[in-house]
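J.: Only the shape, not the letters, is given here:
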């Protein structure tokens with residue numbers, strides 16, 4: 001076996017706000033609060049399971065340019081359009097990165113502007 005993703009790290013101004021957002025989107029829980037204000041969220045079974053955890057690392061100033069990391073998500077219990085409505089209701093907003101409108105995914109931004117994609121396929125929740 002080669003390496004696999006165990007954590008994703010995302011710099012942000014307010015880890016608590018972003019943590020609440022991503023916990024709702026992914027049905028994650030807070031796993032750890034670090035002394036520097038960073039937050040680790042992940043699946044209920046914790047670190048090392050089939051899904052990676054996400055570390056929301058406190059950054060007082062946004063980094064210049066686009067983030068090098070984004071997250072792709074798939075709905076597990078509803079179709080893409082129903083999930084899109086749910087995500088928008090949680091505070092996501094559409095992001096324009098030059099799409100043609102023919103894509104099978106939606107490009108969105110979380111409450112701090114970090115881009116992520118909602119893919120078309122509905123996945124088994126495992």
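T.: Yes, it's here. All figures in this text were calculated on a predicted structure; none of them were measured in a lab.
J.: what ranges do the helices span in the protein?
T.: If DSSP state H is used as the criterion, the helices of the chain fall at 15-26, 80-90.
J.: Now render these as TSV, adding mean neighbour count and mean pLDDT.
T.: Quick note: C-beta positions are derived from backbone N, CA and C, even for glycine. TSV is the format used below for these (neighbours: other C-beta atoms under 10 Å; pLDDT from 0 to 100):
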stretch	mean neighbour count	mean pLDDT
helix 15-26	19	96
helix 80-90	15	95
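J.: Can you say which of those is nearest to residue 37?
T.: Distance to residue 37, taken as C-beta to C-beta, is lowest for helix 15-26 among the helices of the chain, at 6.1 Å.
J.: who's in contact with that closest one?
T.: For helix 15-26, the external contacting residues (C-beta atoms under 8 Å, 6 or more residues apart in numbering) are 10, 12, 28-30, 37-39, 41, 51, 54, 56-58, 73, 87, 90-92, 110-112, 114.
J.: that older thread, can you put the helices of the chain in JSON lines and add distance to residue 125?
T.: Supplementary listing: the helices of the chain in JSON lines, determined by distance: least, C-beta to C-beta, whole Å:
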{"stretch": "helix 15-26", "distance to residue 125": "11"}
{"stretch": "helix 80-90", "distance to residue 125": "13"}
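J.: so which of those comes closest to residue 123?
T.: Distances from residue 123 to each of these were compared using C-beta to C-beta; the shortest belongs to helix 80-90, at 10.9 Å.
J.: State the pLDDT value of residue 13.
T.: The confidence metric pLDDT takes the value 88 at residue 13.
J.: now it: how far from residue 57?
T.: Taken as C-beta to C-beta, to the nearest Å, the spacing of residue 13 relative to residue 57 amounts to 11 Å.
J.: So for those two, which residue has more residues nearby?
T.: residue 57 (16 against 13; other C-beta atoms under 10 Å).
J.: Identify the residue spatially nearest to residue 49, adjacent ones excluded.
T.: Residue nearest to residue 49 in three dimensions, not counting chain neighbours: residue 43, with 5.4 Å by C-beta to C-beta, 6 or more residues apart in numbering.
J.: wait, what's in contact with the one you found?
T.: By C-beta under 8 Å, 6+ apart, the neighbours of residue 43 are 27-29, 49-51, 53.
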